[in-house]
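**Student:** Model the following, please.
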Amino acid sequence: MKKWYAEYGEDVYITSDSLRLHGKKFENNGSKYVIVCHGYTSKAKHMAGFVNKFYSLGYNVLAVDARAHGNSEGTKIGMGWPDRLDVIEWIKLILTWDENAQIILHGVSMGAATVLMASGESLPKNVKAVIADCGYTSEWDEFRLEAKNLHIPWFPVLNVASVISKFRDGYDFKQASALEQIKKSRIPTLFIHGTEDELVPYCMLDELYTAANCEKERLTVKGAGHALSSSVAPELYWNTVENFIGRYIIE
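**Tutor:** Sure, this is the predicted structure:
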């Protein structure tokens, strides 16, 4: 898979927020596109399995390195909040290639939070559906959980860090909320989560799904840990994904 990814992908770049961001384009026939977003401290190339699967389904695929990850510039990991605007720039790039593109947004973990946050923005009608695999409700909620797991007193440490983020980066941890963004979204969204997720608790699926006012569907994968739903139950995972996006993509 790594060899296929390296050989078939074409390097592409955008500039967003003065940062040069990197992606890999896998060109296919037709006007169906997927933007694939990876998780925290990962890279686009680590999503090779997803890229290959979408490509085999006939999609053009754009796998992107989030800011401060992979071959993209940046020093601050934004947990999806600034990245949501980067997704908009990637969408714009696709539309320069094909103004009739039908675009799916797919993300895992931080990538899922990213596409959910992006879905609450004003996106072109070309964006047909969102797939959010084990996304968290907000940066605040996720950091508070991690502090608890590490036995670090979240107060006042988290509050201070959030204030610093507001001063330095222009947003605080509570503002970086997929939960609030999904309330504004009108894009059909598929929520996926494993019941044994040790990093992003399964209960966040219920919170996000309940908050969503768009057309929506949920998939629970029993026994799956964090970001492992597609590995634990690949047939269920991909059948659900195909059936869901098939409702909104015109062949």
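**Student:** going forward, measure contacts between C-alpha atoms and count neighbours the same way
**Tutor:** OK.
**Student:** For Ile103, which three-state class applies?
**Tutor:** strand (DSSP: H, G, I helix; E, B strand; the rest coil).
**Student:** could you pull out the strands for the stretch 1-150 of the chain?
**Tutor:** For the stretch 1-150 of the chain, the strands defined by DSSP state E, counting those that start in this stretch occupy 10-16, 19-26, 32-37, 60-64, 102-108, 127-133.
**Student:** now the shortest one and strand 19-26, what's the angle there?
**Tutor:** With axes from the mean of the first three to the mean of the last three C-alpha atoms, to 10 degrees defining the directions, strand 60-64 sits at 150 degrees from strand 19-26.
**Student:** quick revisit: for Glu251, which of the strands of the stretch 1-150 of the chain is the nearest?
**Tutor:** Closest of the strands of the stretch 1-150 of the chain to Glu251 is strand 32-37, at 8.3 Å (criterion: C-alpha to C-alpha).
**Student:** Touching the closest one from outside, list them.
**Tutor:** Residues from elsewhere that reach strand 32-37, judged by C-alpha atoms under 8 Å, 6 or more residues apart in numbering: 44, 47, 50-51, 54, 58-66, 101-108, 111-112, 114-115, 249.
**Student:** And it, what's buried?
**Tutor:** Under the neighbour-count criterion of 16 or more other C-alpha atoms under 10 Å, strand 32-37 has Lys32, Tyr33, Val34, Ile35, Val36, Cys37 buried.
**Student:** you'd agree Pro201 is in a strand?
**Tutor:** No. Using three-state DSSP, the assignment for Pro201 is coil, not a strand.
**Student:** who's in contact with it?
**Tutor:** Contacts of Pro201 by C-alpha under 8 Å, 6+ apart are Thr195.
**Student:** Quick check: the gap between it and Asn126.
**Tutor:** To Asn126, Pro201 is 32 Å away according to C-alpha to C-alpha, to the nearest Å.
**Student:** Low-confidence stretches in this protein?
**Tutor:** For the chain, the stretches with pLDDT under 70 are 140, 143-174.
**Student:** hmm, 90 instead?
**Tutor:** Where the chain drops to pLDDT under 90, the residues are 1-3, 7, 76-79, 139-176, 250-251.
**Student:** Tell me which stretches of it form helices.
**Tutor:** Taking DSSP state H, the helices of the chain run over residues 2-8, 48-56, 81-97, 110-119, 139-149, 154-169, 178-184, 203-211, 229-232, 234-246.
**Student:** For Gly194, find the nearest of the ones you listed.
**Tutor:** Closest to Gly194 of these, according to C-alpha to C-alpha: helix 229-232, at 5.8 Å.
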